[in-house]
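Colleague: Predicted model and sequence below, questions to follow.
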Amino acid sequence: MKHHDDGWRDWDAAPRLNPATGVPRSFMEMKMRDSTAIWTKSIDLCSREPLAGIAVSQHFCYLALQVQNSGRGDADDREAIDRFLQEQAVVIGTLAAKQFWQEHPALLTSLGEITNPR
């Protein structure tokens, strides 16, 4: 996906530094509340196209699960991951429905005729 990292623009413009090194933190060193906020922004930007949004969401869900399964982080990180995964389940479902209706607009007409007979 061409724009899957577009949510990082603000972070890249003013990254938080690792106090020990003075170098910008890598995404592997970030708190998950920061990562998930950036990931969510990337997903939102890609979601203009439902399939792109779904793919980007699944990509970041995979990364979140990798962190979760590694045991890395503290209680705040685990909470951020849990919240992100729950939110993304809804996002993916919504985008999948949007994609379905874009692919099958005639069904909307049929449903309208069934629910609002003349």
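Modeller: Noted; the coordinates are in hand.
Colleague: Ala80 - how many residues pack around it?
Modeller: Applying other CB atoms under 10 Å, we find 21 residues neighbouring Ala80. From N, CA and C alone the C-beta is placed, and that goes for glycine too.
Colleague: ugh, wrong one, Met32
Modeller: 23.
Colleague: quick one: it and Ala80 touch, right?
Modeller: Yes. Applying CB atoms under 8 Å, one finds Met32 in contact with Ala80, separated by 3.9 Å.
Colleague: in the chain, which spans are helices?
Modeller: For the chain, the helices defined by DSSP state H occupy 9-13, 32-46, 50-70, 75-103, 105-115.
Colleague: Please name every helix or strand in contact with the fourth one.
Modeller: Yep, that's helix 75-103 we're talking about. helix 32-46, helix 50-70 (3 or more CB pairs under 8 Å, 6 or more residues apart in numbering; DSSP states H and E).
Colleague: Comparing those, which comes out most buried?
Modeller: Sort these by mean neighbour count, taking mean count of other CB atoms under 10 Å, and helix 32-46 sits at the top with a mean of 20.
Colleague: which residues are in contact with that one?
Modeller: Helix 32-46 has contacts (CB atoms under 8 Å, 6 or more residues apart in numbering) with 1, 3-8, 10-11, 16, 27, 52-53, 55-57, 60, 63-64, 67, 73, 76-78, 80-81, 83-84, 87-88, 91.
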